[in-house]
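**Student:** Dropping a prediction and its sequence here:
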Amino acid sequence: MTTERYNAREAEPRWQKIWDERGIFRTRNDDPRPKYYVLEMFPYPSGRIHIGHGRNYVMGDVVARFKRMKGFNVLHPMGWDAFGLPAENAAIERKTHPGKWTYENIATMRDQLKLLGLSLDWSREIATCDPEYYGEQQRIFLEFLKGGFVYRRESEVNWDPVDNTVLANEQVIDGRGWRSGALVERRKLAQWFFRITALAQELLDGLDTLDRWPDKVRLMQRNWIGRSEGLHVRFALENAPADLPREIKVYTTRPDTLFGASFLALSPGHPLTETLAAGNPALAAFVEECRRGGTSTAEIETQEKMGFDTGLKVRHPLGGPDLPVYVANFVLMEYGTGAIFGCPAHDQRDFDFASKYGLPITPVVLPPDADPATFSVADGPYEGDGTLYNSRFLDGLAVPEAKEAVAARLENDVLGNAPVGERTVNFRLRDWGISRQRYWGCPIPIIHCDACGPVPVPEDQLPVRLPDDVTFDQPGNPLDRHPTWKHVDCPQCGAPARRETDTMDTFVDSSWYFARFASEPGTAPLQKAAADKWLPVDQYIGGIEHAILHLLYSRFFIRTLKKLGRVSVEEPFAGLFTQGMIVHETYKDAEGRWLFPEEVERDAEGQPVKVGTGEPVTIGAPEKMSKSKKNVVPPEIVADTYGVDCARWFMLADTPPERDSEWTSAGIEGAWRFVQRIWRLVGDALALAPEDVARPADFGSESIALRRAAHKLAAQVEDDVERLRFNVAVARVHSFANVFGDALVAARKGGDVPADLAFALREAAAFLVAVVAPMVPHLAEECWQVLGAAGLAAEARWPAVEPALLAEDTVTLPIQINGKRRGEIVVPKDAAPGEVEKAVLALDVVTQALDGRAPKRIIVVPQRIVNVVA
RNA sequence: GCGGGUGUGGCGGAACUGGUAGACGCGACGGACUCAAAAUCCGUUUCUGGUGACAGAGUGUCGGUUCGAGUCCGACCACCCGCACCA
């Protein structure tokens, strides 16, 4: 059989052009079919993509194409997360404009994505740096402001004193500015915040409804939100001067350990600390020392507990001894009330602190089965459950009961004119600071007036556009030093005022873009009807690195938009999938310089050497593809040598999609062989059954066997793709190809092909092509055409499976003797267990094993297995 | 430190709610076709012993539940990820 090779390089652009010309991936909102919204996290236009970026787009594309075949009206859009710092860096380094750089990158990357043959509706493409998009975002900001979801307060930033600029956290390396190398300072600036904490409980509860999210991501969000239940306890200050407050409020989740308290500690940022420090240079110096303490994780981890005794004392609320008040470096201002009581016997941090400063360590919780006479915490605190002792009225109570007893008691005690204790729910989640002292972002639509304060930009003046005439030759924010941009009159009183020069965190841009895709091109960016039609996204696909921030912010955004009546859904993403990365070996030459994969070849002995020079090359472990390590594969090279269908097939095969997958030349060659094999199988089938045949009434056994395999394939792959188990789907296609290939060999040997077999062969070919169409769409079109099928494979329906062909009438049961497999037996599918038992006992292996004795027991699991216990 | 996950041939990995471990692919080896090569096709490929039919062992380690465990339970080891002084 001679069939010409499938020429991907020629076919792929041809079919892409046809798809494009016929606009078959354009989605209409008035299409009456049920909707399905597939979305891959949109990319940042950083320059060029490599093949590693392609994996999630290909996965999403398989889902999109599959769902179209299943009869859904599919929305599968693409856009650009186009604001952000790299554009400003590029502007500085290349003396270009961030917008120009960004749009050039978008053009390049759009072409690269198109090369992959993705079934995207490009008519809905957006870039977040488009004034139409960010103008709507400014409108949303003002609505949030009106609704009480935005506020302004002082907050610390990283300040580079040499470059005179604010640094993002990732620009601070070992406490120094990444560009200047100067020691970074903490400075307070007035900044805008989204009140995400107001929705903390809702966002937590909502996780329970997201049953198509990975448990891992839900857990990460749950921990991030960090709900805890505890008590606010007000401690009365004993010997405080008149100008100080009368009390200190602490938050605790362990009120049961109150009798074990030996000190109170304030955060260095606590208002009382600041008041005290104002009159106490030694304390002021201590606070300063705490503040200098590094911000990096390693530094915090190793930082020693430090305290400063204020000399103040507080009264114990339950009548215990008075407690000293310290300022301590390990107490966070941002969590709880910024003040704690320390119980060294039952908390590691308090234990460390008390040990260092010689404070009493009194155990009050006795572990189960411990002897109160001998139990000691000298070696370390006990943080587990147990029974209270050394605790007066709490003695003998279990920890939860003791918590309850203290809460009940303190709620009724009064200090001043309020209860001493108050039950509180606390969250780790902080409000979302969105102010960025940057140019390339969405301007915050506010005008600052000396008389009126911050005033919203009036609706008819939106969008507040970024000025184009900016320079990056000096440090700092170009918006701030622009000669005219920020000087405007106050919309309220008309007096000269200043624009807000901060722009929004780019996480704001990505918190609603999926809603923008819902409205048709050329219409308002956020339309309720359109958003309600399409949201939530049915299948969202992206990297695990966005498990918390992007996904949590988007959830917050959609919930808030719902409260403001802009959308009707509460959750943006009904289904979430986090795909693994593509990794690749790394190569270094003798001087330790990184090499591109195409610069490396194998010499006669199979040793890796540098192309041309033959010098030896060291191969490093597979790592995430990255420009800096040069272990990248450009999509163009793959497309030219093998075709993108091979790349798509490779990215779906073998490795489960949630795991990292290694790109290898052997792997892509295997994909290439299989793509050719499908083409050959279809050609061979057509050679044997050139004419379209009507469905015969009866089928011979070979035809039935082949049809069974084909129908089973369609049913199984459907199930696999629904569950995003692409690697398993690929394996099933391979298996079927083996069965199909055998059937073709047999048919060729058999001489004339009868009508029933001809039908079965053509059907098998059509099923195979349809089933692989979502994965290798160009090849599928080519096969579809030679099969003479109507229309495009991209518009075909998923094969209709005949249930009768899936049902087997006999079943092969393995026979175990004492749990070891010793044979098998073929029985009718619905054979009665008694019948099976009788047949099994007659088997040679069984009679030999029993040797005349009666079996102790026989377990017959219908349609599964038989186990004879001898 | 806390939380979560993973561990199966030379490699990537299959195995539905406890029921034939190793599907499928890669690699390797042998063979066919060919003047030769490429391509393609066929066969073998968990380990150990045996020419062989076959026997034994085997899913990180140790133990348990069960007629039966990769799957469930307990303890441990290794690696990966997230959070990290959150009171």
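**Tutor:** Here it is on my side, so go on. Residues are numbered from 1 along each chain as shown, chains lettered A, B, ... in the order given.
**Student:** Any idea how many residues pack against A:Asp111?
**Tutor:** Number of residues near A:Asp111 (other Cβ atoms under 10 Å) recorded here: 13. C-beta: built from backbone N, CA, C; applies to glycine.
**Student:** Which residue ranges of the stretch 51-200 of chain A form strands?
**Tutor:** Taking DSSP state E, counting those that start in this stretch to define them, one finds strands in the stretch 51-200 of chain A at A:73-75, A:79-80, A:126-127, A:150-160, A:165-167, A:172-173, A:176-177, A:185-194.
**Student:** Does A:Ala515 touch A:Ala524 like I think?
**Tutor:** No: between A:Ala515 and A:Ala524 no contact is recorded; they are 11.4 Å apart, counting by Cβ atoms under 8 Å.
**Student:** More neighbours: which of those two?
**Tutor:** Using other Cβ under 10 Å, the more surrounded residue of A:Ala515 and A:Ala524 is A:Ala515, with 29 against 12.
**Student:** which bits of the stretch 751-870 of chain A sit near RNA strand B?
**Tutor:** Within the stretch 751-870 of chain A, the positions adjacent to RNA strand B are A:812, A:814, A:816, A:818-822, A:824, A:857, A:859, A:861, A:864-865, A:867, A:869 by Cβ under 7 Å from any atom of the strand.
**Student:** Repeat that for the stretch 301-450 of chain A.
**Tutor:** Counting by Cβ under 7 Å from any atom of the strand, the residues of the stretch 301-450 of chain A lying close to RNA strand B are A:301, A:303, A:305, A:329-332, A:334-336, A:338, A:340, A:347, A:349, A:426, A:428.
**Student:** Of those, which is the nearest to A:Ile582?
**Tutor:** A:Glu301 (32.6 Å; Cβ to Cβ).
**Student:** And A:Ala796, how close does it get to RNA strand B?
**Tutor:** Note on A:Ala796: its distance to RNA strand B, by Cβ to the nearest atom of the strand, to the nearest Å, is 24 Å.
**Student:** cool, A:Arg246 as well?
**Tutor:** When Cβ to the nearest atom of the strand is the yardstick, A:Arg246 and RNA strand B sit 21 Å from each other.
**Student:** and if you look at A:Glu411?
**Tutor:** 17 Å.
**Student:** Which residues does the host helix or strand of that residue contact?
**Tutor:** Under the criterion of DSSP states H and E, A:Glu411 resides in helix A:399-412. In this structure, residues lying in contact with helix A:399-412 by Cβ atoms under 8 Å, 6 or more residues apart in numbering are A:231, A:233, A:254-256, A:258, A:317-318, A:365, A:385-388, A:391, A:393-394, A:397, A:419-423.
**Student:** One more pass at 10 Å, please.
**Tutor:** Residues outside helix A:399-412 that contact it (Cβ atoms under 10 Å, 6 or more residues apart in numbering): A:229-234, A:252-259, A:317-318, A:346, A:364-365, A:384-388, A:391, A:393-398, A:419-424.
**Student:** Would you mind listing which of those are buried?
**Tutor:** In terms of neighbour count (16 or more other Cβ atoms under 10 Å), the buried residues within the contacts of helix A:399-412 are A:230-234, A:252, A:254-259, A:317-318, A:346, A:364-365, A:386-388, A:391, A:394, A:397, A:419-421, A:423-424.
**Student:** So, low pLDDT: which residues of the stretch 601-750 of chain A?
**Tutor:** A:604-606 (pLDDT under 70).
**Student:** Give me every residue in it that's in contact range of RNA strand B.
**Tutor:** Counting by Cβ under 7 Å from any atom of the strand, the positions of the stretch 601-750 of chain A adjacent to RNA strand B are A:653-656, A:659, A:661-662, A:664, A:666-667, A:669-670, A:673-674, A:676-677, A:680, A:725, A:727-728, A:730-731, A:734-735, A:738, A:741-742, A:745.
**Student:** Can you tell me which of the residues you listed are buried?
**Tutor:** Among those, the ones that count as buried by 16+ other Cβ under 10 Å are A:653-655, A:661, A:667, A:670, A:674, A:676-677, A:680, A:725, A:727-728, A:730.
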